[in-house]
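Trainee: Below is the sequence, then the predicted model.
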Amino acid sequence: MHKNFKNIEKIVYGRGSFGSMERILSEKRNDNGRFFFFLVDQFFKGKELESRIPAESEDSVQFINVDPEEPTTDQVDRLRDEILHTKGIPAAVIGIGGGSVMDLAKAVSLMFTNPGSSKLYQGLNLIRFPGIYHLGVPTISGTGAEVSMTAVLTGPEKKLGLKCDWTVFNQVILDPELIASVPQDKWLYTGMDTYIHCIESENGILNNAFSHAYAEQSLKLCREIYLGEQAGHTADNDDKLMVASLMGGLSLTYSEVGVCHALSYGLSKIFGEKHCYANCLAFQHLQDYYPEGVAEFKRMLVKHQVSLPQGLSKKWKEEEITSMAHVAYNLTHMWNHAIGPHWKEKITIDSIKELYKRM
Ligand SMILES: [Fe+2]
C-alpha cells in the first residue's frame, strides 16, 4: 500500500510575508457566510501582531489559551458551535500560533461541515466531508503542524488526530519574523521536535528516498541552527528553522515517527506534558534505538545550556507508568515502523515501562 501524499496547496515564505494575508484572503471573502474566523494564540493579544490581523468588523477573532493542555475535542466542538449558531459557516478559518492553534484551526475547519462531535472522527479517514478553506500561520516552528495531515486532539477516550487529506491547510504563510518572540527554552524544545521527526523518519522500515530527501535537508538545517558556528536563536536561523520544520513534517508524511513519539504520547496523555517537551524527556533515554541521534541531541542541549530533569519516574506511581505504557503500546504504526512488522516479539508493556522508568 502506497501512501497518496497530500501537500499544502499554497505556500508563501519570507520575512514580512504575514502582510500578504489580506490579499490572499480577499479572494475568499464572499464564500459561505462571508466572514472569517481567526484563531490566534493568546500570546499575541495586545502585541503588534494583533493590529496586523486583517480582520473586518464582521469577522470573528478568538484568542486561544494553549496552556497547559493540547486542544481537546470539547474545545473544537465549542468553538464550532458558538460560531455556527451565531454567525453561520465562515468563509475561512485562519490559525495563527503554534502547533496547538494550527491543529485547532484544522480541526474546526473540518467540523463546520461534518456533523456531531469531533470525537466521532478521531482516527484515519473518518471525516466524511471536505472542510472549509483554512489558512495556517505558524508562530512557533518545529512540530510540523503547518504541513501535517493530522489535527491532534485529546478526546474523552483517546488522544488521536483527525487525519485525512482535507486536514491539510489550503494555504500556509511562513514568515520567519513571527518566530523571533519564541522564548529560548521553547525554541530548543520545538526545534528538537523537528530534529526527532527526522531521526525517527530515517530510522525505520518506512523510510525511503522521498522521506529521506526531506529529512536529510531538515537535519542539515537543524545542525546549522543548533550546533553550527552561527548556532543560536538568530534571524538567519529562524529563516532556516521554519523550513526545517516544514521539511521534517514532509519527511514524516511519507514515513512515520517512532519510539520517542510513542512514549511522548503517553507522557502527554497521563501527565499533560506538552508534545515537544515530552519528546525531549523521552528522547534523551533512547540511545538503544537511536544512538547517534541521541548523542547529537545531547550535544545540542549542552551547547544551549538546557538541562532536562532526571529521575522523574521516581515520583510516578506504578499504575501511571502502566497507563503510559499502554498508550504507547497502542501506537502500533510507530512500533511497526521503528522495530519492524514483528515488533511484538521485542516490545512488550513491560519493556515500555522500563523505558519510562529511565526518565
Ligand atoms: Fe512531533
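Mentor: Cool, the structure landed. Owing to the predicted nature of the structure, the values given are computational and were not obtained by experimental measurement. Residues are numbered from 1 along each chain as shown.
Trainee: which residues in the stretch 51-200 of the chain form strands?
Mentor: Secondary structure of the stretch 51-200 of the chain (DSSP state E, counting those that start in this stretch): strands at 60-64, 92-97, 123-124, 134-138, 150-154, 159-163, 171-174.
Trainee: Parallel or antiparallel, list what pairs with the last one.
Mentor: Its sheet considered, strand 171-174 pairs with strand 10-13 (parallel), strand 134-138 (parallel) by DSSP bridges.
Trainee: can the ones you listed go into a markdown table with extra columns for mean pLDDT and mean neighbour count?
Mentor: In this view, the C-beta of every residue, glycine as well, is placed from N, C-alpha and C. Listed next are the strands paired with strand 171-174 as a markdown table, based on pLDDT from 0 to 100; neighbours: other CB atoms under 10 Å:
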| stretch | mean pLDDT | mean neighbour count |
| --- | --- | --- |
| strand 10-13 | 98 | 15 |
| strand 134-138 | 98 | 28 |
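Trainee: In JSON lines: the ones you listed, plus distance to residue 169.
Mentor: As requested, the strands paired with strand 171-174 are arranged in JSON lines below (distance: least, CB to CB, whole Å):
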{"stretch": "strand 10-13", "distance to residue 169": "9"}
{"stretch": "strand 134-138", "distance to residue 169": "4"}
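Trainee: I'd like to know which of the ones you listed is closest to residue 293.
Mentor: Within the strands paired with strand 171-174, the stretch nearest residue 293 is strand 134-138; the backing value is 23.8 Å (CB to CB).
Trainee: contacts for that closest one?
Mentor: Residues outside strand 134-138 that contact it (CB atoms under 8 Å, 6 or more residues apart in numbering): 18, 21, 24-25, 92-99, 102, 105-106, 108-109, 145-146, 169-175, 178-179, 242, 245.
Trainee: Tell me how far that strand lies from the chain's centre.
Mentor: Centroid separation between strand 134-138 and its chain, computed with CA atoms, centre = their mean, to the nearest Å, is 13 Å.
Trainee: can you check stretch 242-254 too?
Mentor: Distance, stretch centre to chain centre, for stretch 242-254: 11 Å (CA atoms, centre = their mean).
Trainee: how about the CA coordinates for it, as CSV?
Mentor: Below are the C-alpha coordinates for stretch 242-254, written out as CSV (Å, rounded to 0.1, in the frame of the first residue of the first chain):
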residue,chain,number,x,y,z
MET,A,242,10.9,27.5,9.5
VAL,A,243,12.0,25.5,6.5
ALA,A,244,13.4,22.7,8.6
SER,A,245,10.1,22.3,10.4
LEU,A,246,8.2,22.1,7.1
MET,A,247,10.7,19.6,5.6
GLY,A,248,10.7,17.5,8.8
GLY,A,249,7.0,17.3,8.6
LEU,A,250,7.1,16.4,4.9
SER,A,251,9.5,13.6,5.6
LEU,A,252,7.1,12.2,8.2
THR,A,253,4.2,12.4,5.9
TYR,A,254,5.9,9.8,3.7
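Trainee: avg pLDDT for it?
Mentor: Average pLDDT, stretch 242-254: 96.
Trainee: swap in stretch 181-198?
Mentor: In this model, stretch 181-198 has a mean pLDDT of 96.
Trainee: just the CA coordinates of that stretch, formatted as PDB?
Mentor: Extracted in PDB, the C-alpha atoms of stretch 181-198 (Å, rounded to 0.1, in the frame of the first residue of the first chain):
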ATOM      1  CA  SER A 181       9.500  36.000  20.000                       C
ATOM      2  CA  VAL A 182       9.700  32.300  20.900                       C
ATOM      3  CA  PRO A 183      11.400  32.000  24.300                       C
ATOM      4  CA  GLN A 184      14.800  30.300  24.400                       C
ATOM      5  CA  ASP A 185      13.700  27.100  26.000                       C
ATOM      6  CA  LYS A 186      10.700  26.600  23.800                       C
ATOM      7  CA  TRP A 187      12.900  27.500  20.800                       C
ATOM      8  CA  LEU A 188      15.000  24.500  21.700                       C
ATOM      9  CA  TYR A 189      12.200  22.000  22.500                       C
ATOM     10  CA  THR A 190      10.200  22.800  19.400                       C
ATOM     11  CA  GLY A 191      13.200  22.600  17.200                       C
ATOM     12  CA  MET A 192      14.100  19.300  18.800                       C
ATOM     13  CA  ASP A 193      10.600  18.000  17.800                       C
ATOM     14  CA  THR A 194      11.700  18.600  14.200                       C
ATOM     15  CA  TYR A 195      15.100  17.000  14.800                       C
ATOM     16  CA  ILE A 196      13.400  14.000  16.300                       C
ATOM     17  CA  HIS A 197      10.900  13.800  13.500                       C
ATOM     18  CA  CYS A 198      13.800  13.400  11.100                       C
END
